[in-house]
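>>> what's the 3D shape of this:
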Amino acid sequence: MSDEQQFTIQPHPAKDNVAPSETTGGLGSAPNLSHLPKGPADTATSKGPHVPSAEIASQLEKPKTREELQAMKDSFTD
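Numbering: from 1, shown residues only. I've put the predicted structure just below:
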């Protein structure tokens with residue numbers, strides 16, 4: 001006999017080719033995205049981006065300037 005190791009290919013024990021998470025709902029019934037329709041999004045019925053009303057937009061925090069952001073960054077690294 002030869003001293004070389006021999007390997008053989010074993011069949012996979014699965015009975016079908018469907019991943020378990022597609023049928024059971026994820027990791028131990030954790031929610032996943034399997035309930036969503038597969039395929040491209042329906043652009044005919046999509047609404048587009050959300051644009052808040054002027055009243056809501058006026059209550060939002062104003063964006064910080066580059067200088068304010070740099071000052072914040074420097075305060076964290078000190």
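>>> mean confidence score for the lengthiest helix in the chain?
Across the chain, the longest stretch assigned as helix under DSSP state H is helix 66-77. Mean pLDDT, helix 66-77: 92.
>>> residues making contact with that helix?
residue 64 (CB atoms under 8 Å, 6 or more residues apart in numbering). The way it works is simple: take the backbone N, C-alpha and C, and place the C-beta from them, glycine included.
>>> Dump it to PDB, keeping only the CA atoms.
Written as PDB, here are the backbone C-alpha positions of helix 66-77 (Å, rounded to 0.1, in the frame of the first residue of the first chain):
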ATOM      1  CA  ARG A  66     -16.400  73.000   9.000                       C
ATOM      2  CA  GLU A  67     -14.800  75.100  11.700                       C
ATOM      3  CA  GLU A  68     -17.300  73.900  14.300                       C
ATOM      4  CA  LEU A  69     -16.800  70.300  13.200                       C
ATOM      5  CA  GLN A  70     -13.000  70.600  13.400                       C
ATOM      6  CA  ALA A  71     -13.300  72.100  16.900                       C
ATOM      7  CA  MET A  72     -15.400  69.200  18.000                       C
ATOM      8  CA  LYS A  73     -12.900  66.800  16.500                       C
ATOM      9  CA  ASP A  74     -10.000  68.500  18.200                       C
ATOM     10  CA  SER A  75     -11.900  68.400  21.600                       C
ATOM     11  CA  PHE A  76     -12.300  64.700  21.300                       C
ATOM     12  CA  THR A  77      -8.700  64.000  20.500                       C
END
